[in-house]
Each structure stands twice: as structure tokens, then as C-alpha cells.
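Trainee: just coords:
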């Protein structure tokens with residue numbers, strides 16, 4: 001790996017606390033475009049000096065993370081161990097002194113110590129894609145162009161999403177049926193989806209159909225029907241105790257393995273799956289129904305590739 005990239009990884013981990021391998025990969029691409037190859041073409045993707053693998057990125061992130069020995073993360077782990085021993089040996093006295101510039105029990109990791117409900121609210125907030133959690137959600141009252149949202153979900157969306165969840169094979173090319181789901185379960189990055197999602201024309205079309213309250217209700221219905229918050233079973237350096245988002249009653253072994261393996265739990269891949277796949281599919285289905293157009297026409301309308 002080029003030294004400029006490894007130095008950048010150290011800077012991002014140290015100063016911004018980024019430990020997600022996928023996020024770091026995206027940041028490295030931005031760094032390449034904006035700092036190293038500003039007025040020239042990028043090197044080919046097979047050049048591992050400038051396009052390191054996810055494994056290489058993970059190793060560099062982990063190495064830098066381990067150097068932060070006096071961090072709140074180390075203290076959290078020690079506190080957890082002490083609390084465990086206190087519960088096992090109730091007649092014994094245990095005392096721990098943590099850094100003086102922090103109050104005991106208060107750490108910078110915003111997920112540590114959050115209740116299941118608080119973490120659920122945080123994930124739902126991410127999925128709804130707005131910074132506030134104070135908008136009222138009155139399920140069954142919203143409508144999109146005269147169509148009741150709850151009725152749309154029950155009649156047109158729920159069954160279709162269930163069918164999509166069980167798909168294991170199919171054409172993964174853009175605009176083929178449910179290509180995002182098929183690419184996602186094969187652990188392919190959704191670069192094309194990100195381009196479509198950031199299309200100004202597509203944003204304008206989506207804004208015409210969905211505003212915050214409407215999309216909050218639909219997101220709540222999708223999460224309520226399919227989402228399941230599970231306690232983490234894989235605890236490690238980058239995966240503190242907590243909950244991750246998975247799926248209810250899903251028989252797709254390929255999909256569940258991606259959601260619930262070590263990487264899936266550590267990076268909370270369920271959030272990405274709901275946000276980039278299920279909720280996108282719900283938008284497309286709604287557009288096809290209310291505008292009376294085909295599924296593909298609705299997808300090209302809301303998520304144009306150019």
C-alpha cells in the first residue's frame with residue numbers, strides 16, 4: 001500500500017475514529033481523487049498499491065486502532081471485566097480508576113451503554129435519512145397521491161419484499177429485477193446504486209413522491225414487518241457489546257450469512273441492507289403503483305444511472 005494511503009488511514013482512525021473497513025475504502029477513493037491524482041487519471045483497479053483490498057485496509061485500521069492504548073475503548077473493556085467479576089464474586093471488593101479527564105462510565109463511543117430501544121431508534125433514524133427523531137409517526141394516516149400508505153404496504157409491498165428476500169440467484173446487471181439484492185448477498189459493492197442515488201434528477205423525482213412524514217411511515221412499516229434487532233454474538237475489538245439489525249423469518253441462507261457473520265455483526269450490515277435494498281425496492285414498487293408504470297420504468301425514474 002502506498003505510504004500516503006497508510007498515513008491517511010492513521011489520520012482518519014486517530015482523529016475521526018473511523019473503524020469501518022467499507023467506509024475507509026470509500027474515503028481512500030476520495031483521497032486518491034482529491035489529493036494524489038488531482039489532474040491525472042486514476043491507476044487501474046488491479047494496482048494494489050493504490051487500490052488495497054478490504055483485508056489490507058482492515059489490517060491497517062486494526063494496527064492503528066491497537067496503538068490507541070490509552071483510549072476510552074480500552075477502558076470500556078476493563079470496566080466490563082470488572083463488572084463481570086463483581087457479579088461473580090459479590091463478597092469481594094473491586095475498584096477501578098479510569099482517566100481523570102472523564103467521568104466514570106462516560107465514554108466517547110456513542111453506542112456503548114445504549115439500551116436496545118435507544119440503539120433501535122438510532123438505526124431507524126439512519127434508515128429514515130433525516131437528522132431529527134421528533135416527527136410523529138401515525139401509521140395508517142399518511143397517503144401518497146391519494147393512496148393510503150398502510151394499504152399500499154399491505155397490498156402491494158409486503159408480499160413483494162418477501163419474495164425478494166428469498167432470491168438467491170439472478171441477473172445482477174443494473175435495472176434487471178432486484179439486482180441490488182442479488183449484488184448485495186454476493187458481497188458486491190453497490191457502486192452503481194450510489195451513483196443512481198446521488199442523481200439530482202432522481203432526487204427531484206423521489207422528493208415529489210416522498211417527503212419526511214410519508215417516508216417515515218413507510219420505513220416504520222418495513223422495519224416492523226421485516227426487521228429484528230439481535231444481541232451481538234461476536235464480540236471483539238471493533239464489535240463492542242450491543243445489537244445489530246437482522247431479518248425476521250428469512251429462509252435465504254445466503255442473505256442471513258451475510259447479515260449475521262462476523263463482518264455483518266461488526267459493521268451492522270443490516271442497516272445497509274435495509275437502506276440500500278429493501279427501502280429502495282419499496283420506493284420503486286410504490287412509484288410503479290401510483291404512477292401506473294412498469295417496475296423498470298419506476299426504477300429508471302427514481303434512480304437514473306446518468
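Mentor: Structure's in. What do you need? Quantities reported herein were computed from a predicted structural model and do not represent experimental measurements.
Trainee: residues contacting the residue positioned nearest the centre of the chain?
Mentor: Closest to where the C-alpha atoms of the chain average out (C-alpha atoms, centre = their mean) is residue 272, at 3.1 Å. Residue 272 sits next to residue 184 when contact means C-beta atoms under 8 Å, 6 or more residues apart in numbering. In this view, the C-beta of every residue, glycine as well, is placed from N, C-alpha and C.
Trainee: secondary structure element for it?
Mentor: Element membership for residue 272 (DSSP states H and E) is helix 269-273.
Trainee: helix or strand next in line after that helix, which one?
Mentor: That would be, after helix 269-273 and using DSSP H and E, helix 279-290.
Trainee: and the average pLDDT for the host helix or strand of residue 57 is what?
Mentor: Using DSSP H and E, the element containing residue 57 is helix 54-67. Averaged over helix 54-67, pLDDT sits at 79.
Trainee: can you check stretch 198-213 too?
Mentor: pLDDT averaged over stretch 198-213 gives 84.
Trainee: give me the buried positions along that stretch.
Mentor: Within stretch 198-213, the residues scored as buried using 16 or more other C-beta atoms under 10 Å are 199, 202, 205, 206, 209, 210.
Trainee: got phi/psi on the second one?
Mentor: Reported as degrees, to the nearest 10, the phi and psi values for residue 202 are phi -70, psi -40.
Trainee: where exactly do the helices run in the stretch 151-300 of the chain?
Mentor: Under the criterion DSSP state H, counting those that start in this stretch, the stretch 151-300 of the chain contains helices at 158-165, 179-185, 191-197, 200-209, 212-226, 253-260, 262-266, 269-273, 279-290, 295-302.
Trainee: out of those helices, which gets nearest to residue 147?
Mentor: Proximity to residue 147 (C-beta to C-beta) singles out helix 279-290 among the helices of the stretch 151-300 of the chain, at 5.4 Å.
Trainee: how far away from the center of its chain is that closest one?
Mentor: For helix 279-290, the separation from the chain centroid amounts to 21 Å (computed by C-alpha atoms, centre = their mean, to the nearest Å).
Trainee: who touches it?
Mentor: By C-beta under 8 Å, 6+ apart, helix 279-290 touches 127, 144-147, 152-153, 156-157, 160-161, 164, 178, 180-181, 193, 197, 206, 209-210, 218-219, 222, 293-295, 297-299, 301-303.
Trainee: for the helix holding residue 57, packing partners?
Mentor: On a contact count with 3 or more C-beta pairs under 8 Å, 6 or more residues apart in numbering; DSSP states H and E, helix 54-67 meets helix 3-16, helix 21-31.
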